[in-house]
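>>> Model the structure of this input:
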Amino acid sequence: MSIFITTERLILREITETDENDLFEMDSDPEVHLFIENNPVQSIDTIRSIIAMLKTQYRENGIARWAVVDKATNECIGWCGLKYFDQPLNNHRDFYELGYRFKKKHWGKGFATESSSAVLGYGFKHLAIDTVYAITDPKNLDSKKVLHKLGFEYRETFDYDGDLTDWFELEKRNWINK
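Numbers count the residues shown, from 1 in each chain. Take a look at the predicted model:
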């Protein structure tokens, strides 16, 4: 298992099978999925499929979502990372999207901002990415707050499979100047 980043409170590393119970706890919670197609995970087998998919992304793209582990407790509290999109989305293709998701009991503690800031630094410095995008449900005010703290700029609202979705952008030059 590769550790990519440590912050003051967190370890960011590849997601492995040892995370399946923590990820199931998070992704089976209806409140966690309120703004994500409102479709909580129903079985641990779904989590196992997701972990297999992430391992493929690590191999093929060199990056994917990473486990976010609380240093104090060694608990996997969620995930954060960059996903490479080689398929079109909102008239973009071949781009990186920042995403994060945490167990509800860890909301409001600054973990999304702390882990995302570290992930962005990794992407801009080590992967030489020029622009990172992010999407969120327009009603997800907490996620939008995190994106604004990180320096993302709202660009537009678009139709994503029948749902309105906000599109954000952060350019490397704006990250460096933060």
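
>>> which other residues reach stretch 157-170?
37, 89-90, 98, 120, 131-138, 144, 147, 150-156 (Cβ atoms under 8 Å, 6 or more residues apart in numbering). From N, CA and C alone the C-beta is placed, and that goes for glycine too.

>>> any idea which element the residue nearest the centre of the chain lies in?
Taking Cα atoms, centre = their mean, the centroid of the chain lies closest to Gly99, which sits 2.1 Å from it. Using DSSP states H and E, Gly99 sits in strand 95-102.

>>> Name the next helix or strand following that strand along the chain.
As assigned by DSSP H and E, the chain's next helix or strand after strand 95-102 is helix 111-126.

>>> Who are the packing partners of that following helix?
Packing partners of helix 111-126 (3 or more Cβ pairs under 8 Å, 6 or more residues apart in numbering; DSSP states H and E): strand 3-6, strand 10-14, strand 65-70, strand 76-85, strand 95-102, strand 131-136, helix 141-150, helix 172-176.

>>> how far is that helix from where the chain is centred?
Taking Cα atoms, centre = their mean, to the nearest Å, one finds the center of helix 111-126 at 10 Å from the center of the full chain.

>>> same check, this time on stretch 160-178
13 Å.

>>> And for stretch 132-150?
Remark: stretch 132-150 is offset 11 Å from the chain centroid, using Cα atoms, centre = their mean.

>>> Could you do stretch 132-152 as well?
Mean-position distance between stretch 132-152 and its chain equals 11 Å (Cα atoms, centre = their mean).

>>> With only the CA atoms kept, save that stretch in CSV.
Output of stretch 132-152 as CSV, limited to C-alpha atoms (Å, rounded to 0.1, in the frame of the first residue of the first chain):
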residue,chain,number,x,y,z
VAL,A,132,-8.4,20.7,-11.9
TYR,A,133,-12.2,20.6,-12.1
ALA,A,134,-14.9,19.8,-9.5
ILE,A,135,-18.6,19.1,-9.7
THR,A,136,-21.2,19.3,-7.0
ASP,A,137,-25.0,19.4,-6.6
PRO,A,138,-26.1,23.0,-6.6
LYS,A,139,-27.9,22.4,-3.2
ASN,A,140,-24.7,21.0,-1.6
LEU,A,141,-23.8,24.2,0.1
ASP,A,142,-21.1,22.6,2.4
SER,A,143,-19.3,21.1,-0.6
LYS,A,144,-19.4,24.5,-2.4
LYS,A,145,-18.0,26.2,0.6
VAL,A,146,-15.0,23.7,0.6
LEU,A,147,-14.4,24.4,-3.1
HIS,A,148,-14.4,28.1,-2.6
LYS,A,149,-12.0,27.9,0.3
LEU,A,150,-9.6,25.9,-1.9
GLY,A,151,-9.8,28.6,-4.6
PHE,A,152,-12.1,27.0,-7.1
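
>>> That concludes my questions; thank you for your assistance.
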